[in-house]
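>>> Sequence first, then the predicted structure, then my questions.
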Amino acid sequence: MCTKHPESKTYLEKTRLGKQIERCSKCRSERVAKSRVKQIQKLKNYFGGKCINCGYNKYLQALDFHHKDPTQKKFGLSDNRSGRSLKKMIEEAQKCILVCCRCHREIHIEMEK
């Protein structure tokens, strides 16, 4: 039984080191979500950690990857629900610019004109 989520059924899961641990599905989902957030933060830091237009750098969560050529876009980076490897994410991010959410909106408004 999970101590954090007593209503959830647990199961054995193999770790990267080959050990088996008992985990519930809710704990696993939380772990995966935290891991994805960390991966996106690493990616944003790798690409400068600030908006290339205005220099904004207060919150990494407010920074978005904008594809310079939307036809080259294989997947979106900012939401990262796909669980891709860091290598594939870096390859995709190289097609992008890192901008704050405000500048990102302005870019899209200008594209619509």
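Nice, I can see it.
>>> Now do the SS call for residue 99.
Judged by DSSP: H, G, I helix; E, B strand; the rest coil, the three-state class of residue 99 is strand.
>>> Tell me how many other residues crowd it.
22 (other CB atoms under 10 Å). The way it works is simple: take the backbone N, C-alpha and C, and place the C-beta from them, glycine included.
>>> Buried ones in stretch 92-109, by neighbour count?
92, 93, 95, 96, 97, 98, 99, 100, 103, 104 (16 or more other CB atoms under 10 Å).
>>> swap in stretch 18-36?
Of all the residues in stretch 18-36, those buried under the rule 16+ other CB under 10 Å are 23, 24, 27, 36.
>>> so which of those comes closest to residue 7?
residue 24 (8.9 Å; CB to CB).
>>> ranges for the helices of the protein?
Assigned helices in the chain, in chain order: 25-46, 86-93, 101-112 (criterion: DSSP state H).
>>> follow-up on the earlier one: quick check, nearest of the buried residues of stretch 18-36 to residue 58?
Nearest member of the buried residues of stretch 18-36 to residue 58, counting by CB to CB, is residue 36, at 21.5 Å.
>>> residue ranges with poor pLDDT in the chain?
Applying pLDDT under 70 to the chain picks out residues 1, 78-83.
>>> Spatially nearest residue to residue 2, not counting backbone neighbours?
Spatial nearest neighbour of residue 2, excluding adjacent residues (CB to CB, 6 or more residues apart in numbering): residue 24 at 3.8 Å.
>>> and the closest residue to residue 13 other than its chain neighbours, bridged to which residues?
Once flanking residues are discounted, residue 13 sits nearest to residue 23: 4.9 Å by CB to CB, 6+ apart. In this entry, residue 23 is beta-bridged to residue 11, by DSSP bridges.
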